[in-house]
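Enquirer: heads up, no residue letters with this:
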């Protein structure tokens, strides 16, 4: 790839926007529970459903920057399709994480690990893309092109 065009990243952009909406939804859930239970900021103590919602939202915020970094790294240096697929899996797992955590703390565990696996996949795709780009640009070796030749 000689240059990146917007069409090369449209699906990564869609996933990134979906992520922003998801973070907003989690914050809205906390705000709704604050109103329901009459909990004024900055208080972080309250009924169990409020505390679980707050923890779910905070955990999603804690993972927001790493997710965005690996999503865009994989999309830019490798390919938007695997990046967007793994990003969508991450968002789906996080949706289930938030919903499950609010219901009961133990319901967060499976979707949490599913989201971690999606992040790990994005890291692998991103690292592979960076390695291939570096080899292509600085050593004249294009591993992707070689794999395509071998598959033909």
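Expert: Arrived safely, thanks for sending. Since the model is a prediction, treat every value here as computed from it, not as a measurement. Numbers count the residues shown, from 1 in each chain.
Enquirer: low-scoring pLDDT stretches of the chain, where are they?
Expert: 1-2 (pLDDT under 70).
Enquirer: centre of the chain versus the helix or strand encompassing residue 30, how much separation?
Expert: Assessed by DSSP states H and E, residue 30 sits inside helix 10-37. Relative to the centre of its chain, helix 10-37 is centred 13 Å away, using Cα atoms, centre = their mean, to the nearest Å.
Enquirer: which element is the most centrally placed residue in the chain on?
Expert: In the chain, the C-alpha nearest the mean C-alpha coordinate belongs to residue 67, at 4.0 Å (Cα atoms, centre = their mean). For residue 67, the host element (DSSP H and E) is helix 48-77.
Enquirer: now do the helix or strand hosting residue 130: which elements does it pack against?
Expert: Element membership for residue 130, per DSSP H and E: helix 109-139. When contacts are defined as 3 or more Cβ pairs under 8 Å, 6 or more residues apart in numbering; DSSP states H and E, helix 109-139 sits against helix 48-77, helix 80-103, helix 143-151. All C-beta atoms are positioned from the backbone trio N, CA, C, and that covers glycine.
Enquirer: buried residues, the shortest one. List them.
Expert: Residues of helix 143-151 classed as buried: residue 144 (neighbour count, 16 or more other Cβ atoms under 10 Å).
Enquirer: and that helix, how far from the chain's centre?
Expert: 29 Å.
Enquirer: mind giving me the packing neighbours of that helix?
Expert: Contacts defined by 3+ Cβ pairs under 8 Å, 6+ apart place helix 143-151 against helix 109-139.
Enquirer: relative to helix 143-151, how tilted is the helix it packs on?
Expert: 90 degrees (axes from the mean of the first three to the mean of the last three Cα atoms, to 10 degrees).
Enquirer: now do helix 109-139 against helix 80-103, angle only.
Expert: Using the same axes, to 10 degrees, helix 109-139 lies at 160 degrees relative to helix 80-103.
Enquirer: buried residues, helix 109-139. List them.
Expert: 111-112, 114-115, 118-119, 121-123, 125-126, 128-129, 132-133.
Enquirer: which of those residues sits closest to residue 90?
Expert: Closest to residue 90 out of these is residue 118 (3.8 Å), distances taken as Cβ to Cβ.
Enquirer: which non-adjacent residue is nearest that closest one?
Expert: Counting by Cβ to Cβ, 6 or more residues apart in numbering, residue 90 is the residue found nearest to residue 118 once chain neighbours are left out, at 3.8 Å.
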